[in-house]
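**Q** What would the 3D arrangement of this be:
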Amino acid sequence: MKYRWKFLMVIALSAVIFAVVIMTMPSWKGMVQTFLGKKGERPKKVKPIKESFRQVKILPVDRLSVRRHIVTNLHKALKQGDFTRAAFLNSLLAQEAFQHAYRFLKAWEKMRDPETGLVPRDPPPGKAYWNPKDAAADLFPFLLLACQYLDKTNERLWLNALANERKICGPMPCTISFQPTKVIEEKLNLVIFGASEFAKDGLLPLIERSGRGPWFVRLEEIAQAIIEASPVNTKKGKIPSSNCEVNGNMLQVLSRLYWATQKDEYLQMAEQIAEAYLFDILPNNQFLPAMYWNFDKGEPVRSRLRFRDHGSEIIPGLVELYVLEKTQGRSQAALYREPLKKMLDLILVVGRTKDGLWYNDVDVKTHKPLGTAVIDTWGYILNAYLMFDIAVGTSIYREEIKRTMRAVATYKSFPWEGTSPDGYADSIESMLYLLAMVDILEGHQWVDDEIEVMFHMHSQSSFTEKYYLDGNSIRTSLLYAMYKTQGAMIEPWREDLYLGAAYDKKKKELYVHLSVENQWKGVLKLDLPRHRMILNLPFEYPRLNATPEWFVVEPQKTYLVVNLNTGKKSSHLGQSLANGLVITMDAKESPLCLKISEK
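**A** Below is the predicted model:
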């Protein structure tokens, strides 16, 4: 498998590139480093940080690139059933994504406030402050996750920052200015808004991936603080806000906390929020949510509904609570179903393009879109439809979900958010959530191809957005990398280490590729059914801020591991594979190819 003598010095024609793709790992190293950057280093010519990300051009649809040929040959290998080669090609794509996340991590480490360890919403020369709705919600959690994946020895830096945030703010999150450290006072509605964002977008991703660490304790504390401070009176009791984003955030947080803890106060507040919408707002607003609702007058503050993020959270939030009620056989499920389904059915025909994408905003009264821009967070809404189908055991919405996914797959080099990578980060995230449960070939091809556009926006600097939205690029880079490894991880990660995997669904076999340039000793870890083991969920369903489960091992089941290099076979409990297979290897023993299946 080691064809070093076949290394091609020049790549001039696409046909030659295709031939090179077929070769094995050693032949690839020079080419791989051209699009990864040698050992994760920045390109030699780095644009100054002051240059705006908006100056970056979107890659053209008809581009020619080494990466595109890697992707083409990956899908050819999968079609031919060559899973060993597919795993190898996925190792290149996974390492590219990990290195993008690693660059962000190292750049933002330098931006931390020296006194608190917290990261600012904006790096210098912007005003240095930490805030719950941006820095805490969209940036901090993905820096911590990147550190846990790629730089475990420095995890304490970020855990100390989380502890300092709690020490400074108390139970309810707050905005903190730096040098000197000072709490900035805000109105209660803004405090609750920021806290709900930190809870849903900041702490849920950490729990979903890393389990019940200090971030779980912090989430419970914040949820309790919001419940106690809830100021808005409704017929069903007080709720956190009149804003659908806050209430949608809390429905998602409270539903998952109830599954995890079985604490009644979480379910009680979730039901109060849901019933305010299902029995009060929806019947009096054409069965559509309202951005803001005046509970005293029983009417919307304005006739506008936002389908993009910062507006649509209420849709999956209501369905996620319904999943809980239905699964647990609670009487509320029957009461919730009719108004919930009316809302879902109406949203399928209001404010959508012909191919199924939603416009950013619509007028509730006329159902006409307020502008021509379409949302990049389309998957957040489709998650709700798939959740509903799973909960009731039907496929009512399955074809519509597939139709929209296929439509999105035709949007190539599309300016989701202009030239901001945030639009690509959210749209690719949307597709990954759904692909884990709805296997659409066009969706897989689209993700593999279009993430190159997002990565291109990163390539000139370790910063892209130059502020807190870098966190979304880190998030999607990590989600994509885990998709390419099928959830497998290596510890310790290193920049010269390539891990990829491919799954044969027919034979239910996982093929793993691991190669190194220098001697390495560590562990290869497989994923577990985290939905059940962390949150006590009865089954997996698509949900915002989760890390999709691709290939998981059941702790008490036995698995056969075959070393395809030597033919050696060994049996392991799933928990042992999750704890990690100890591996020692150097370049001479590289690559290591494994096949794993349940016995």
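**Q** Next, count neighbours for the nearest residue to Leu159 once chain neighbours are set aside.
**A** Spatially, and ignoring its direct neighbours in sequence, Leu159 is nearest to Pro214 (6.4 Å; Cβ to Cβ, 6 or more residues apart in numbering). Backbone N, C-alpha and C define where each C-beta goes, glycine included. With neighbours defined by other Cβ atoms under 10 Å, the count for Pro214 comes to 13.
**Q** who touches Pro214 in this structure?
**A** Counting by Cβ atoms under 8 Å, 6 or more residues apart in numbering, Pro214 makes contact with Leu159, Leu162, Ala163.
**Q** measure it to Leu144 for me?
**A** Relative to Leu144, Pro214 is positioned 10 Å away (Cβ to Cβ, to the nearest Å).
**Q** Find residues that contact each of these two.
**A** With Cβ under 8 Å, 6+ apart as the test, Pro214 and Leu144 both reach Leu159, Leu162.
**Q** what's stretch 220-228 in contact with?
**A** 166, 171-173, 192, 195-196, 198-199, 203, 240, 250, 253-254, 257, 261, 265-266, 269.
**Q** quick one: which of those residues sit in helices?
**A** Per DSSP state H, helices hold the following members of those: Arg166, Ile192, Ala195, Ser196, Met250, Val253, Leu254, Leu257, Thr261, Glu265, Tyr266, Met269.
**Q** you'd agree the fifth one is up against Asn243?
**A** What that stands for is Met250. No - counting by Cβ atoms under 8 Å, Met250 sits too far from Asn243 to count as a contact (10.5 Å).
**Q** one step back: quick one: the ones in helices among the contacts of stretch 220-228 as a markdown table, columns for pLDDT and distance to Glu452 too.
**A** Below are the ones in helices among the contacts of stretch 220-228 laid out as a markdown table (pLDDT from 0 to 100; distance: Cβ to Cβ, whole Å):
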| residue | pLDDT | distance to Glu452 |
| --- | --- | --- |
| Arg166 | 98 | 39 |
| Ile192 | 98 | 40 |
| Ala195 | 98 | 37 |
| Ser196 | 98 | 34 |
| Met250 | 98 | 37 |
| Val253 | 98 | 34 |
| Leu254 | 98 | 38 |
| Leu257 | 98 | 38 |
| Thr261 | 98 | 42 |
| Glu265 | 98 | 46 |
| Tyr266 | 98 | 41 |
| Met269 | 98 | 43 |
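**Q** quick one: which of the residues you listed is nearest Gln556?
**A** Comparing these against Gln556 with Cβ to Cβ picks out Thr261 as the nearest, at 24.2 Å.
**Q** Leaving out chain neighbours, which residue sits closest to the closest one?
**A** Nearest one to Thr261, counting by Cβ to Cβ, 6+ apart, is Glu220 at 7.4 Å.
**Q** Does anything pack onto the helix or strand harbouring Glu320? Which helices or strands?
**A** Assigned by DSSP states H and E, Glu320 belongs to helix 314-327. Secondary-structure packing of helix 314-327 (3 or more Cβ pairs under 8 Å, 6 or more residues apart in numbering; DSSP states H and E): helix 244-261, helix 264-276, helix 332-347, helix 378-392.
**Q** a markdown table please, covering those and showing mean neighbour count and distance to Asn360.
**A** Shown next, in a markdown table, are the helices and strands packed on helix 314-327 (neighbours: other Cβ atoms under 10 Å; distance: least, Cβ to Cβ, whole Å):
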| stretch | mean neighbour count | distance to Asn360 |
| --- | --- | --- |
| helix 244-261 | 26 | 14 |
| helix 264-276 | 22 | 24 |
| helix 332-347 | 18 | 14 |
| helix 378-392 | 23 | 11 |
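**Q** Would you mind listing where the stretch 51-200 of the chain has pLDDT under the threshold?
**A** 51-56, 125-126 (pLDDT under 70).
**Q** what do you get if the cut-off is 90, keeping everything else the same?
**A** 51-57, 122-127 (pLDDT under 90).
**Q** and what of the stretch 301-450 of the chain?
**A** Applying pLDDT under 90 to the stretch 301-450 of the chain flags residues 418-420.
**Q** Straight-line length of stretch 454-470, end to end?
**A** 12 Å (Cα to Cα, to the nearest Å).
**Q** meant to ask about stretch 132-140, not that
**A** Span of stretch 132-140 from end to end, Cα to Cα: 10 Å.
**Q** can you give me the helices in the stretch 351-500 of the chain?
**A** 378-392, 398-408, 421-435, 441-458, 470-485 (DSSP state H, counting those that start in this stretch).
**Q** Give me the longest helix you can find in this protein.
**A** Longest helix in the chain, counting by DSSP H: helix 83-109.
**Q** wait, Cys147 sits on Arg156?
**A** No - assessed by Cβ under 8 Å, Cys147 is found out of contact with Arg156, at 9.4 Å.
**Q** re earlier: return the list of helices and strands in contact with the longest helix of the chain.
**A** helix 25-36, helix 66-80, helix 140-150, helix 441-458, helix 470-485, strand 497-504, strand 509-516.
**Q** Redo the ones you listed as a markdown table? Include distance to Pro114.
**A** Formatted as a markdown table, the helices and strands packed on helix 83-109 follow (distance: least, Cβ to Cβ, whole Å):
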| stretch | distance to Pro114 |
| --- | --- |
| helix 25-36 | 32 |
| helix 66-80 | 38 |
| helix 140-150 | 16 |
| helix 441-458 | 27 |
| helix 470-485 | 20 |
| strand 497-504 | 32 |
| strand 509-516 | 36 |
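**Q** Need the ones you listed in a markdown table (columns: mean neighbour count and distance to Ser395).
**A** Shown next, in a markdown table, are the helices and strands packed on helix 83-109 (neighbours: other Cβ under 10 Å; distance: least, Cβ to Cβ, whole Å):
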| stretch | mean neighbour count | distance to Ser395 |
| --- | --- | --- |
| helix 25-36 | 18 | 40 |
| helix 66-80 | 18 | 26 |
| helix 140-150 | 24 | 34 |
| helix 441-458 | 21 | 18 |
| helix 470-485 | 26 | 24 |
| strand 497-504 | 23 | 23 |
| strand 509-516 | 25 | 28 |
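**Q** out of those, nearest to Ile315?
**A** helix 470-485 (20.0 Å).
**Q** tell me the mean pLDDT for that closest one?
**A** Helix 470-485 carries an average pLDDT of 97.
**Q** So which elements touch it?
**A** Against helix 470-485 (3+ Cβ pairs under 8 Å, 6+ apart) you get helix 83-109, helix 140-150, helix 421-435, helix 441-458, strand 497-504.
**Q** Serialize these to TSV and add fields for distance to Thr377.
**A** Below are these laid out as TSV (distance: least, Cβ to Cβ, whole Å):
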stretch	distance to Thr377
helix 83-109	20
helix 140-150	17
helix 421-435	5
helix 441-458	15
strand 497-504	27
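**Q** mind listing what the closest residue to Leu382 other than its chain neighbours touches?
**A** Nearest residue to Leu382 in three dimensions, chain neighbours excluded: Ile401, at 5.3 Å (Cβ to Cβ, 6+ apart). Counting by Cβ under 8 Å, 6+ apart, Ile401 touches Leu382, Tyr385, Leu386, Leu434, Val438.
**Q** Equivalent analysis for Arg530, please.
**A** Glu208, Arg209, Gly211, Thr547, Glu549, Val552.
**Q** Can you turn the buried part of those into a PyMOL selection?
**A** In PyMOL syntax, the buried subset of those is picked out as below (16 or more other Cβ atoms under 10 Å):
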select buried, resi 208+209+547+549+552
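**Q** Which members of the contacts of Arg530 are positioned in helices?
**A** Checking these against DSSP H, those in helices are Glu208, Arg209.
**Q** Going by distance to Ala97, which of the contacts of Arg530 wins?
**A** Thr547 (13.5 Å).
**Q** and Ala578, what helix or strand is that in?
**A** With DSSP H and E as the criterion, Ala578 is inside helix 574-579.
**Q** hey, C-alpha coordinates of that helix in CSV?
**A** Output in CSV follows, covering the C-alpha atoms of helix 574-579 (Å, rounded to 0.1, in the frame of the first residue of the first chain):
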residue,chain,number,x,y,z
GLY,A,574,-18.6,-1.6,23.0
GLN,A,575,-17.6,0.2,26.1
SER,A,576,-14.0,-0.8,25.6
LEU,A,577,-14.1,0.6,22.1
ALA,A,578,-15.6,3.8,23.5
ASN,A,579,-12.9,4.0,26.1
